[in-house]
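Enquirer: Okay, here's the prediction I keep looking at, along with the sequence it came from:
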Amino acid sequence: MLPPRVLTVEDLPAGSSVIACAAVGRLVTHAGTGVTVPEPGMKAAVDALTVNGSAHGFTLEVDADGRISYDLTDTAAEKPAHAAAAPARAGGACDDGAYATAGRKKYGTYQWFLGDGPLPGNLSRADARRAFEEAIATITTSRNDCGLADKVSAKARYVSRTSRRAGIDRKGHCTARDGLSVWDAGDLGGDVVALTCSWSRRVTGRPDALREADVRFNVDDYVFTNNPSADCTDAYDIRSVATHEAGHVFGLAHVGPGHEGLTMYPTSFLCSTSARTLGRGDVLGLRALY
């Protein structure tokens, strides 16, 4: 029997039976974040956008027989502090074909809800919905400034507001899924600007099927704006961050050092709107999935 405390991946090593260990519903942590063990046949993943690009994210899978496995790989690496200037997008982003995928996709339409709590940038519900819809549409239509045609079949639809919250706690841990994909804001702690939790099920010979994906912005520790001005110094652009998180929702993973111009680089640059549109690698990653 497992000890009555938060677990690490060492406490519950790969190959363990979540049934024999009574581990379903227990929190497992790694590298500053964590996921709650899902039921057999499900996979839970956490992807964090941080102020310095440090690696915060991993995947935990429970097979149909209850055996656990992990993917602890994250291409993100330590980068300069978040106050660093944003890299130029012109040319570089459109020439950079790097991408990584998480091995999952949304079959059918991603239906999402707006949480009934705080929102980034003190936006109204209507303005937050528009900002998130635009960011999600950037992914589903592979919107870019590189002249690349939209060949991506991903779809999304906003459903309504909900009193439920994203399945994410104040320490940036993924809690149990509740069947609704919710976008909201709150406290994530530490150096996490925004975070996506996703739950998927294995599909033989194809990418896993996304069942739910929740997104939260860290408004307790960071400032967000929907319209960075010339005198902006310490705010993150809402739509840039939301586009990055929507990339995770639809199966894109982080790219590593040297690819700072791409939307899926694992940090967001202060006052920069560059990630509102995709680079070549971001588009190629979506095409590989859809």
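Expert: Thanks, I have the structure now.
Enquirer: and the closest residue in space to Gly186 that isn't next to it in sequence, how far is that from Ser54?
Expert: If you skip the residues right next to it in sequence, Gly186 has Arg216 as its closest partner in space, 5.7 Å away by C-beta to C-beta, 6 or more residues apart in numbering. For every residue, glycine as well, the C-beta is placed using N, CA and C. As judged by C-beta to C-beta, to the nearest Å, Arg216 and Ser54 stand 18 Å apart.
Enquirer: Of these two, give the one with the bigger neighbour count.
Expert: Arg216 (29 against 19; other C-beta atoms under 10 Å).
Enquirer: Name the spans of the stretch 1-150 of the chain whose pLDDT lies under the cut-off.
Expert: By pLDDT under 70, the weakly predicted segments of the stretch 1-150 of the chain are 1-4, 55, 74-91.
Enquirer: what do you get if the cut-off is 80, keeping everything else the same?
Expert: Using pLDDT under 80 as the threshold, the predicted model of the stretch 1-150 of the chain has low-confidence ranges 1-5, 54-55, 73-91.
Enquirer: any idea how far Val193 is from Val46?
Expert: For Val193, the distance to Val46 under the criterion C-beta to C-beta works out to 14 Å.
Enquirer: Looking at those two, which is more packed in?
Expert: Comparing Val193 with Val46 by other C-beta under 10 Å, the one with more neighbours is Val46, at 25 against 22.
Enquirer: ok but Val35 is inside a helix, no?
Expert: No - looking at Val35 with DSSP: H, G, I helix; E, B strand; the rest coil, it is strand, so not inside a helix.
Enquirer: which residues does it contact?
Expert: 27-28, 44-46, 58-60, 173-174, 197 (C-beta atoms under 8 Å, 6 or more residues apart in numbering).
Enquirer: change it to 10 Å
Expert: 27-29, 43-46, 57-60, 70, 167, 173-176, 197-199 (C-beta atoms under 10 Å, 6 or more residues apart in numbering).
Enquirer: got it, and Ala14?
Expert: Ala14 sits next to 60-61, 67-70, 72 when contact means C-beta under 10 Å, 6+ apart.
Enquirer: Got phi/psi on Phe132?
Expert: phi -70, psi -40 (degrees, to the nearest 10).
Enquirer: ok, back up a step: just give me the closest of the contacts of Ala14 to Ala154.
Expert: When those are compared for distance to Ala154 (C-beta to C-beta), Glu61 wins out at 22.8 Å.
Enquirer: can you count the residues close to the nearest residue to the closest one once chain neighbours are set aside?
Expert: The shortest distance from Glu61 to any non-neighbouring residue, by C-beta to C-beta, 6+ apart, is to Lys43 (4.1 Å). The burial metric for Lys43, expressed as a neighbour count using other C-beta under 10 Å, is 25.
Enquirer: And Thr162, by the same measure?
Expert: The number of residues packed around Thr162, counting by other C-beta under 10 Å, is 17.
Enquirer: ok, back up a step: which strands or helices does the host helix or strand of the residue nearest to Gly186 pack on?
Expert: Using DSSP states H and E, Arg216 sits in strand 206-218. When contacts are defined as 3 or more C-beta pairs under 10 Å, 6 or more residues apart in numbering; DSSP states H and E, strand 206-218 sits against strand 42-50, strand 104-105, strand 109-115, helix 125-140, strand 181-186, strand 192-203, helix 238-249.
Enquirer: mind running it again at 8 Å?
Expert: On a contact count with 3 or more C-beta pairs under 8 Å, 6 or more residues apart in numbering; DSSP states H and E, strand 206-218 meets strand 104-105, strand 109-115, strand 181-186, strand 192-203, helix 238-249.
Enquirer: Next secondary structure after that strand?
Expert: Next in sequence after strand 206-218, counting helices and strands by DSSP H and E, comes strand 223-225.
Enquirer: Touching that following strand from outside, list them.
Expert: Judged by C-beta under 8 Å, 6+ apart, the contacts made with strand 223-225 from elsewhere in the structure are 120-121, 217, 232, 234-238, 241, 271.
Enquirer: So for that strand, mean pLDDT?
Expert: For strand 223-225, the per-residue pLDDT values average out at 96.
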